[in-house]
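>>> below is the structure, and that's it, no one-letter string:
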């Protein structure tokens, strides 16, 4: 587990809109900010009501001594985006030194970058670095409306004919099979976007018989099929009942209630925080990319960091034995 987080004071010094409902916020960081690669993220302390919480955001290209994030205002979020949108110049919080779990390999002859909506944040940095280093690349960027495309003008100017925009309202959609077929054997694809896009890319990649390790992806932590509702879980081994608010994850609620948990990524990718579902009275909204489609249909386990019940109650087993 990665538990050695370095927190530093952060003060808001610049705020700007970069798309419809997307705001870029720049923080001046107290102390040294080591160099970091594109795709890196930082954790930030936020306030949700009267409660303290931690949220994670991609760090987009920033000036020395600063960290810049771009956040979409999401009415169905767990409160993080509302907090970021409430910030004003001079407000202070704390952020961690960026770390990267969505790294470029630097081994491919050609890179296919796929961004969906606000999933452009890590892809934007990758595109800039690849272009600056003269790497062969193509980027496809999709959104429901053109006005929702953050950094679209900068990317168009940077990449020229190496980027193509797909806007649903204009009747354009990705042809993932064709995009993957055009990749050379040693090409790689990097994708970030909502869960549906991730699942479609993974399916197309497998159908094409591509090497799994040459597909890398990141998913939104709040990308689900249902809106967030409060729910309850009972720990089978102790009988303890834990309530989960609509603005917090199951993992957060368990930890705050003193339930011992093993976890790492908090993004639905590593599977360390998965709990067994003994019985449930409500559907499970699986939001992870760790379990396969068939495993999610079985509803035997769920990633506590991102997946949740659609209301109701369940009995779970965390696997912890004193």
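Yep, that arrived. Given the structure is predicted, the values throughout are model-derived calculations rather than measurements.
>>> direction included, what does the strand ranked longest in the chain pair up with?
Using DSSP state E, we find that the single longest strand of the chain is strand 7-19. Sheet pairing here is set by DSSP bridges, and for strand 7-19 it gives strand 22-29 (antiparallel), strand 92-96 (antiparallel).
>>> the shortest one - what's its average pLDDT?
Within the predicted structure, the mean pLDDT of strand 92-96 is 97.
>>> over to residue 157: give its phi and psi.
Residue 157 has phi and psi values of phi -70, psi -40 when expressed as degrees, to the nearest 10.
>>> ok, which of the strands paired with strand 7-19 comes nearest residue 194?
With Cβ to Cβ as the criterion, residue 194 lies closest to strand 22-29 of those, at 14.8 Å. Glycine gets a C-beta too; all of them are placed from N, C-alpha and C.
>>> after that closest one, next one along is what?
For strand 22-29, the succeeding helix or strand toward the C-terminus, using DSSP states H and E, is strand 41-48.
>>> report the inter-axis angle for the following helix or strand past that next one versus strand 41-48.
Counting by DSSP H and E, the next helix or strand C-terminal to strand 41-48 is strand 51-60. For strand 51-60 against strand 41-48, the angle by axes from the mean of the first three to the mean of the last three Cα atoms, to 10 degrees is 150 degrees.
>>> domain map for this protein?
7-96, 111-219, 231-317 (automatic domain parsing).
>>> how about those in JSON lines, adding distance to residue 103 and mean neighbour count?
Shown next, in JSON lines, are these (distance: least, Cβ to Cβ, whole Å; neighbours: other Cβ atoms under 10 Å):
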{"stretch": "domain 7-96", "distance to residue 103": "6", "mean neighbour count": "17"}
{"stretch": "domain 111-219", "distance to residue 103": "8", "mean neighbour count": "18"}
{"stretch": "domain 231-317", "distance to residue 103": "13", "mean neighbour count": "18"}
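>>> ok, residue 198 touching residue 205?
No. Between residue 198 and residue 205 there is no contact under Cβ atoms under 8 Å: 10.5 Å.
>>> looking at the strands paired with strand 7-19, which is nearest to residue 252?
Across the strands paired with strand 7-19, closest to residue 252 is strand 92-96 (Cβ to Cβ), at 16.8 Å.
>>> what lies in contact with the closest one?
5-12, 27, 29, 42-46, 67, 87 (Cβ atoms under 8 Å, 6 or more residues apart in numbering).
>>> three-state assignment of the nearest residue to residue 58 once chain neighbours are set aside?
Excluding the flanking residues, the one nearest residue 58 by Cβ to Cβ, 6 or more residues apart in numbering is residue 121, at 4.0 Å. The three-state label given to residue 121 by DSSP: H, G, I helix; E, B strand; the rest coil is helix.
>>> now do residue 121 against residue 33, distance only.
Going from residue 121 to residue 33 by Cβ to Cβ, to the nearest Å gives 18 Å.
>>> give me the element residue 105 is part of.
Residue 105 belongs to no helix or strand, assigned by DSSP H and E.
>>> pretty sure it is touching residue 188, no?
Yes. Applying Cβ under 8 Å, one finds residue 105 in contact with residue 188, separated by 6.2 Å.
>>> quick check: neighbours shared by the two?
residue 216.
>>> what segments of this structure are helices?
Remark: helices assigned in the chain by DSSP state H are 80-86, 120-132, 152-159, 176-181, 195-207, 250-256, 293-298.
>>> possible to save those helices as CSV with distance to residue 214?
Putting these into CSV (distance: least, Cβ to Cβ, whole Å) gives the following:
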stretch, distance to residue 214
helix 80-86, 32
helix 120-132, 15
helix 152-159, 21
helix 176-181, 10
helix 195-207, 8
helix 250-256, 30
helix 293-298, 21
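>>> just put the ones you listed in a markdown table and tack on mean pLDDT.
Converted to a markdown table, those look like this (pLDDT from 0 to 100):
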| stretch | mean pLDDT |
| --- | --- |
| helix 80-86 | 90 |
| helix 120-132 | 97 |
| helix 152-159 | 98 |
| helix 176-181 | 98 |
| helix 195-207 | 93 |
| helix 250-256 | 91 |
| helix 293-298 | 90 |
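>>> which among those is found nearest to residue 310?
Of the helices of the chain, nearest to residue 310 by Cβ to Cβ is helix 250-256, at 12.6 Å.
>>> can you pull out the residues in contact with the closest one?
53, 233, 242-245, 248, 261, 263, 266, 273, 275, 302, 304-305, 307-308, 318.
>>> what's the first-to-last distance across stretch 207-214?
Terminal residues of stretch 207-214 are spaced 14 Å apart (Cα to Cα, to the nearest Å).
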